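>>> Sharing a model prediction with you, sequence too.
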Amino acid sequence: MKLLPLGILSDGGPLFMYTTLIALIICAVLIIKTLLKGDKNGKALNLIKSVSLFALVWGFLGMMIGLIGAFDAISMTDGISHGVLAGGLKIALLAPAFGMVTFLIARLGIIGIILKEK
């Protein structure tokens, strides 16, 4: 079983999903580095917080842009089936869901760093 299939990254909007993936990788690297070497001045901790918050907000921005485009397309047609609408909403929710996962992973890492320091 794949953890994150590439199809989902493309379905959720490549710009938003791949940017969030890069943010997740940055957070993971910073968390591991900080756990191994420590963070005396707090820069890494603040950077993890900022990058994870960016990923969360970036995901919601992707959803808003996708929904605006979808509603424009729906308004130009006479009718739309429930299946098409549900599929579009599922795709619209992929970017914020991935942003939330990135944010939560980073927050768990921050908790681990704080516990290790004390």
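Looks like it arrived, so ask away. Numbers count the residues shown, from 1 in each chain.

>>> name the element the residue with the largest distance to the centre of the chain belongs to?
Going by CA atoms, centre = their mean, the residue of the chain most distant from its centre is Asp78, 34.0 Å out. Asp78 belongs to no helix or strand when assigned by DSSP states H and E.

>>> Find me the pLDDT at it, would you?
At Asp78, the pLDDT value in this model is 80.

>>> start at 52 instead
In the new count, where the first residue is 52, that last one comes out as Asp129.

>>> list the contacts for it?
Listed by CB atoms under 8 Å, 6 or more residues apart in numbering, the contact set of Asp129 is empty. C-beta here means a position set from N, CA and C on the backbone, and glycine is covered the same way.

>>> By mean pLDDT, which helix or strand of the chain comes out lowest?
helix 57-62 (a mean of 74; mean pLDDT, DSSP states H and E).

>>> Now do that helix: distance to the chain's middle.
13 Å (CA atoms, centre = their mean, to the nearest Å).

>>> likewise stretch 94-102?
16 Å.

>>> What are the contacting residues of that stretch?
74, 77-78, 81-82, 84-85, 90, 157, 160-161, 164.

>>> any idea which residue sits dead centre in the protein?
By CA atoms, centre = their mean, the most central residue of the chain is Gly150, 1.8 Å off.

>>> so what secondary structure elements neighbour the helix or strand harbouring that residue?
For Gly150, the host element (DSSP H and E) is helix 145-168. Judged by 3 or more CB pairs under 8 Å, 6 or more residues apart in numbering; DSSP states H and E, helix 145-168 is in contact with helix 65-88, helix 94-126.
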